[in-house]
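**Q** I would like the atomic coordinates for the input below:
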Amino acid sequence: MKAAINGALGGGNPILMAYVDGEGRPHMAFRGSTQVYSPDQLAVWVRNPEGGLIGAVPSNPHVSFLYRDAATRTFYTVSGQARVDETPEVRDRVYQASPEVERNFDPQRRGAAVIIDIDRIEGRDADGPVLMERGAAAEEG
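**A** The predicted structure is shown next:
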């Protein structure tokens, strides 16, 4: 799953991200910089720090992602809670881990690092159905 997400743009399968703005309107956009940040987090480099996503996150941090690779019949939907992280270390890490083509759109690094704490992943890959939820193991055990 990590390889699929981190290689999505290069593999011709850019990841679609959805969020809801402060007026309750849904928005979707392809995010070529989507990457695995940690075992339970994704990250996105948002080139426009004045854009809708950055403005929406403080009032409604709920976001979702869709990854699909038709050739391998793989898909994942990811839902979680987003936050902007302005610490220099996080900004540098997210920017550097973004595909070069994405970095080339923001060479001055004016964008923002958004970290997403994953709540749920579901879908299907070569191994069959996928379902992971934050806290599910703790609730069962």
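
**Q** can you pull out the strands in the protein?
**A** Assigned by DSSP state E, the strands in the chain fall at 15-20, 26-31, 35-38, 41-46, 62-69, 74-85, 112-125, 128-133.

**Q** for stretch 18-26, measure first residue to last.
**A** Taking CA to CA, to the nearest Å, the first and last residues of stretch 18-26 lie 7 Å apart.

**Q** again, but for stretch 27-37
**A** Termini of stretch 27-37 sit 23 Å apart (CA to CA).

**Q** what's the most buried one of the strands of the chain?
**A** strand 41-46 (a mean of 23; mean count of other CB atoms under 10 Å). In this view, the C-beta of every residue, glycine as well, is placed from N, C-alpha and C.

**Q** ok, now how distant is Ala71 from Thr34?
**A** The gap separating Ala71 from Thr34 is 19 Å, by CB to CB, to the nearest Å.

**Q** neighbour-wise, which of the two wins?
**A** Thr34 (27 against 8; other CB atoms under 10 Å).

**Q** ok, now which ones touch the more buried one?
**A** Neighbouring residues of Thr34 by CB atoms under 8 Å, 6 or more residues apart in numbering: Ile5, Ala8, Leu9, Ile15, Met17, Leu42, Ala43, Val44, Phe65.

**Q** for the last one, which non-adjacent residue is closest in space?
**A** So that's Phe65. In space, Phe65 comes closest to Val78 once its chain neighbours are excluded; the distance is 4.2 Å by CB to CB, 6 or more residues apart in numbering.

**Q** compute the inter-axis angle for the longest helix anywhere in the chain and strand 74-85.
**A** For the chain, the helix reaching the highest residue count under DSSP state H is reported as helix 88-97. For helix 88-97 against strand 74-85, the angle by axes from the mean of the first three to the mean of the last three CA atoms, to 10 degrees is 150 degrees.

**Q** how far is helix 88-97 from where the chain is centred?
**A** 14 Å (CA atoms, centre = their mean, to the nearest Å).

**Q** which residues does it contact?
**A** 6, 33, 35, 37, 43-45, 85, 103, 106, 109, 111-115.

**Q** swap the cut-off to 10 Å and go again
**A** 6, 33, 35-37, 43-46, 84-85, 87, 102-103, 106, 109, 111-115 (CB atoms under 10 Å, 6 or more residues apart in numbering).
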